[in-house]
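Peer 1: Fold the following and give me the result.
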Amino acid sequence: MSMRSMMAAFGTIDGQLAVGGMPLDRLTARVGSTPYFAYDRRLLTERVQLLRSTLPTAVKLSYAVKSNPMPAIVQHLAGLVDALDVASAFELQTALNTPIPPTQVFFAGPGKTETEIVQAVAAGATLEMESATEARRVIQAGEMLGVQPRVALRLNPDFRVKGSGMKMGGGPQQFGVDAEAAPELLAQLATADIDFRGFHIFAGSQNLNAEILCEAQQKTVDLVLSIAEKAPGPVRYVNLGGGFGIPYFDKDKPLDLAQIGANLADLVDNHIAPNLPEAEVVIELGRYIVGECGVYVTRVVDRKESRGRTYLVVDGGMHHQMSASGNFGQVIRRNYPIAVGNRMSEPADSPVTVVGCLCTPLDLLGDDVQLPAAQIGDSIVLFQAGAYGLTASPTAFLGHPAPAEVLV
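Peer 2: A predicted model of the protein is given here:
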């Protein structure tokens, strides 16, 4: 996404970036200090509205809390989406504190502890079982509590999805039950006192190729239909995963959401509905909902020259923005969109390198980037910072204070 597009999305006031309609200097005063994350409530709402207007009405939206578990964001989205996907006891509690019904909270992820499973069963959440061991523990928790557990089976598909930033299905995986092993486990579950809902398949994340995503959805539906007859009851839940990507770099093109919407409409109307008439179809999205709605704001504390290179040293860094530093999945490091937030109307000056305050050369936020002539005290803004920012970063490294987070 271009800088111009980002400026248009957030807006500017008197040459400053605006978040939630508030100019950056005033927002920083409201927060009290830098660095901080700021999320735009309007942009969050508009992103969900875009999904609602483009995807079939029969498709339900689930927000993946792991992408950004800030309670205020989860509370806001709870009024806009149909379900919440969690992956820990903390995220489970965050979701249960919202108006979303517990039955619409889906607990996925490998390595759930016995305590976490008991908590989820007691709450009435839907547990997405990732192994035969988890299945046994869920059944035992239900017997202990006298509660019939709501469950779904996560499948590890027999196909891979090309172009995904992280592959979470196909081949050997810690995620889900291998598709070929699922019939045997489903047969064992037939005699258990459980409320079996259906299946969950999540094959990969951060994909910008609509054609590839459509093919993956088609294969996912084929897999569910081939296994559904082995289920210990009618299939009432089909989670097709997500994987919708957002553009981080100059050459990235936004995902063609309309193509995905048309493909989902065909799959629901002509494949799922005729064969699984009770099934609720769910798309699970995190980054696509919240990623472009947030910025990371940090202040220049030093400007220095070193053998012909200009460095801007800021009071934030990779301990808050691991992904932007290039140390969270990038093979070849590329710069995230970056700007001088209080000089948005000024032209670019000579290139600078933006580094954080950590004592490591890995703490790099912008390498040889064209920015206006930033001085000590100016604000550096990193865009696309709404997902996998604070909680996906080594916040305790070197003991710097945690940044604030605000929803504006």
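
Peer 1: and the end-to-end length of stretch 359-379?
Peer 2: End-to-end span of stretch 359-379 (C-alpha to C-alpha, to the nearest Å): 21 Å.

Peer 1: Which secondary structure state is assigned to V121?
Peer 2: Three-state assignment for V121 (DSSP: H, G, I helix; E, B strand; the rest coil): helix.

Peer 1: ok now do it, which residues does it touch?
Peer 2: 127, 138, 141-142, 145, 147, 149 (C-beta atoms under 8 Å, 6 or more residues apart in numbering). To be clear about C-beta, it is placed using only N, CA and C from the backbone, and glycine gets the same treatment.

Peer 1: again, only using 10 Å
Peer 2: 107, 127, 137-145, 147-151, 194 (C-beta atoms under 10 Å, 6 or more residues apart in numbering).

Peer 1: what does the domain assignment say about this protein?
Peer 2: Domain assignment for the chain by automatic domain parsing gives 3-39+292-407, 101-285.

Peer 1: okay, now Q93: neighbour count?
Peer 2: When neighbours are defined as other C-beta atoms under 10 Å, Q93 has 13 of them.

Peer 1: now the strands for the stretch 201-350 of the chain?
Peer 2: 204-205, 237-239, 280-285, 294-306, 309-314, 338-340 (DSSP state E, counting those that start in this stretch).

Peer 1: Identify, out of those strands, the most deeply packed stretch.
Peer 2: With neighbours taken as mean count of other C-beta atoms under 10 Å, those reach their highest mean count in strand 237-239, at a mean of 25.

Peer 1: Spatially nearest residue to D368 (excluding sequence neighbours)?
Peer 2: P351 (4.8 Å; C-beta to C-beta, 6 or more residues apart in numbering).

Peer 1: Isn't the one you found up against G366?
Peer 2: Yes - between P351 and G366 there is a contact under C-beta atoms under 10 Å: 9.5 Å.

Peer 1: So for the two, which sits in the more crowded spot?
Peer 2: G366 (23 against 13).

Peer 1: which residues sit against the helix or strand where the more buried one lies?
Peer 2: For G366, the element it lies in under DSSP states H and E is strand 364-370. Here strand 364-370 makes contact (C-beta under 10 Å, 6+ apart) with 296, 298, 309-310, 312, 314, 316-318, 320-321, 324-327, 333-339, 347-356, 358, 380, 382.

Peer 1: Return the subset of the contacts of V121 lying in strands.
Peer 2: Those of those mapping onto strands are 107, 127, 150-151, per DSSP state E.

Peer 1: Could you pull up the contacting residues of G377?
Peer 2: Per C-beta under 10 Å, 6+ apart, neighbours of G377: 299-301, 342.

Peer 1: wait, I meant T126
Peer 2: 83, 85, 102-108, 120, 149-152, 195, 197-198, 200, 237, 239.

Peer 1: G111 contacts A89, doesn't it?
Peer 2: No - here G111 does not reach A89: they are 11.8 Å apart, not a contact under C-beta under 10 Å.

Peer 1: what about these two, which has more around it?
Peer 2: It is A89, of G111 and A89, that has more neighbours when counted by other C-beta under 10 Å, with 17 against 11.

Peer 1: Surely the more buried one is in contact with T113?
Peer 2: Yes - with contacts counted by C-beta under 10 Å, A89 reaches T113, the gap being 8.0 Å.

Peer 1: shared neighbours of the two, anything?
Peer 2: With C-beta under 10 Å, 6+ apart, A89 and T113 have common neighbours Q119.

Peer 1: Is the residue lying closest to I338 once chain neighbours are set aside bridged to anything, and to what?
Peer 2: Spatial nearest neighbour of I338, excluding adjacent residues (C-beta to C-beta, 6+ apart): G366 at 4.5 Å. Assessed by DSSP bridges, G366 has beta-bridge partners V354.

Peer 1: distance of the residue located most distally from the centre of the chain from T103?
Peer 2: Centroid-distance maximum for the chain: R307 at 40.3 Å, with C-alpha atoms, centre = their mean. Per C-beta to C-beta, to the nearest Å, R307 is found 62 Å from T103.

Peer 1: swap in N207?
Peer 2: For N207, the distance to T103 - C-beta to C-beta - is 29 Å.
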